[in-house]
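**Q** Output the structure for:
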Amino acid sequence: MPDTRTGKRFPLTLATTIRGGKKSVKKGTTSDLSAAGVFIMADADFEVGTKVEFDITLPAAMIGANKDVEVRCQGRVVRELSLADSTPQLDVELAVMPHDRSVIDGLCQFGTNVETTADGKIRLRVRSEPMIPEIVRWLVSRGVDVHSVTSRRKSLEQWFLDVMGEDQRPG
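**A** Numbers count the residues shown, from 1 in each chain. Okay, the predicted model is just below:
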């Protein structure tokens, strides 16, 4: 899905209170603000399209005031992301010989994003670690020698980029 957000975004973490639909009042925090919108992280379940009211608390020290200032805003939910509902995923890198197109195609039954790297290894994304022995058994049953298997979970930075967008990459 392409990123259609407009305007410069500012990475600000500010306290918020959200009200909308038939839901009770929810607390959250902003993770970025722009003239066109705000991304709020909250334990709330507002459907896309729900009209909401939210207050953003600007700390006194940030704005040079004697006390915090509450800014009352109105908007609507345009997208929802849930880390709790995300399927855990594991990236697996295989050093195997020999391998051809039929091996690559066959590995698609075990995961997604199957690709060959520049150094001849195979990478794919699987749902969980128990898939790895199944993959190795399948490869061996086809006469493929398995030289190494390396796995890694999605990093906190990658989760952040998936949620916030590539343009928020640190640095």
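**Q** which secondary element of the protein has the worst mean pLDDT?
**A** Of all helical and strand segments in the chain, the minimum by mean pLDDT, DSSP states H and E falls on helix 156-164, at a mean of 66.
**Q** How about the contacts made by the most far-flung residue of the chain relative to its centre?
**A** In the chain, the residue that sits farthest from the middle, by CA atoms, centre = their mean, is residue 66; the gap is 38.0 Å. Applying CB atoms under 8 Å, 6 or more residues apart in numbering, we find residue 66 in contact with residue 60. Glycine gets a C-beta too; all of them are placed from N, C-alpha and C.
**Q** and it, helix, strand or coil?
**A** With DSSP: H, G, I helix; E, B strand; the rest coil as the basis, residue 66 sits in coil.
**Q** any idea how far it is from residue 60?
**A** 6 Å (CB to CB, to the nearest Å).
**Q** so residue 125 sits in a helix?
**A** No - read with three-state DSSP, residue 125 is strand and lies in no helix.
**Q** tally of neighbours for it?
**A** For residue 125, the count of nearby residues is 15 (other CB atoms under 10 Å).
**Q** Kindly report the same for residue 108.
**A** Other residues close to residue 108 by other CB under 10 Å number 11.
**Q** if you go through the protein in chain order, where are the strands?
**A** 15-20, 26-34, 37-42, 51-58, 69-76, 90-97, 112-116, 122-126, 145-153 (DSSP state E).
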